[in-house]
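Undergrad: Got a predicted structure here, sequence first:
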Amino acid sequence: MRYIGIDHVAAQEQLAAVGVHWHAVGGEGTEAERTVIDAVLPDGERQLRGTFDAQPPAAGEEHLAHCAWHTNAVDEVHTFLTGLGIFEFMTPDGAVTVVSEAGDVMANRGAEHRFLPVTSQQLRLRHSGPADGDFGYVATATHSGPWPVIG
């Protein structure tokens, strides 16, 4: 993971304040990934819920669905297998931008966020709640300004 416009320590502190933790674990199936999953999700709710093949949005759709500011009603753990994306999380100090890369794991405990796949990106999804439950997506009123440019 990389942070845009903020140093690593400040970014992690601001993200932790809203329930987000980002880790470079080296890939799926590592002990580091299991440690994050076990710390965030209750026993019995740690199973793989699915694989998401995220594609960059079509022109004009950069602020719709998961690309719009929203919250989810569940605690989430996502392992990034491939590709490159941008996550932004709203904190009391403003938005924190994270570049998601293969080998990262993101834990989110309800923070307001938006996600933009920059390249084709594959994620493994885990979340709390019943086995047949969904994310409980709720759009927020945060203005969807331009996405940051990554270099």
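TA: Here it is on my side, so go on. Worth saying up front: this structure is predicted, and the values here are computed from it rather than measured. Numbers count the residues shown, from 1 in each chain.
Undergrad: all strands for the chain, in order.
TA: Using DSSP state E, the strands of the chain run over 2-4, 20-24, 50-54, 70-71, 76-80, 84-91, 94-101, 104-108, 113-117, 121-127, 138-139.
Undergrad: pLDDT of the last one, averaged?
TA: Computed over strand 138-139, the mean pLDDT rounds to 96.
Undergrad: same check, this time on the fourth one
TA: For strand 70-71, the mean pLDDT works out to 98.
Undergrad: Equivalent analysis for the third one, please.
TA: Predicted confidence along strand 50-54 averages 96 (mean pLDDT).
Undergrad: For that strand, which strands pair with it and how are they oriented?
TA: strand 121-127 (antiparallel) (DSSP bridges).
Undergrad: buried residues in stretch 21-32?
TA: For stretch 21-32, a neighbour-count test (16 or more other C-beta atoms under 10 Å) marks 21-23, 25, 28 as buried. For the C-beta atoms, the positions are set from N, CA and C on the backbone; glycine is no exception.
Undergrad: related to what we said a few turns ago, how about the strands of the chain, which one is nearest residue 44?
TA: The closest of the strands of the chain to residue 44 is strand 121-127. By C-beta to C-beta, the value is 12.0 Å.
Undergrad: Please export the C-alpha coordinates of the closest one as PDB.
TA: Taking Å, rounded to 0.1, in the frame of the first residue of the first chain, the C-alpha atoms of strand 121-127 are listed here in PDB:
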ATOM      1  CA  GLN A 121      -8.100  -5.800  -9.600                       C
ATOM      2  CA  GLN A 122      -9.100  -9.000  -7.900                       C
ATOM      3  CA  LEU A 123     -10.100  -9.100  -4.200                       C
ATOM      4  CA  ARG A 124     -11.100 -11.800  -1.800                       C
ATOM      5  CA  LEU A 125     -14.000 -10.700   0.300                       C
ATOM      6  CA  ARG A 126     -14.700 -11.500   3.900                       C
ATOM      7  CA  HIS A 127     -17.100  -9.800   6.200                       C
END
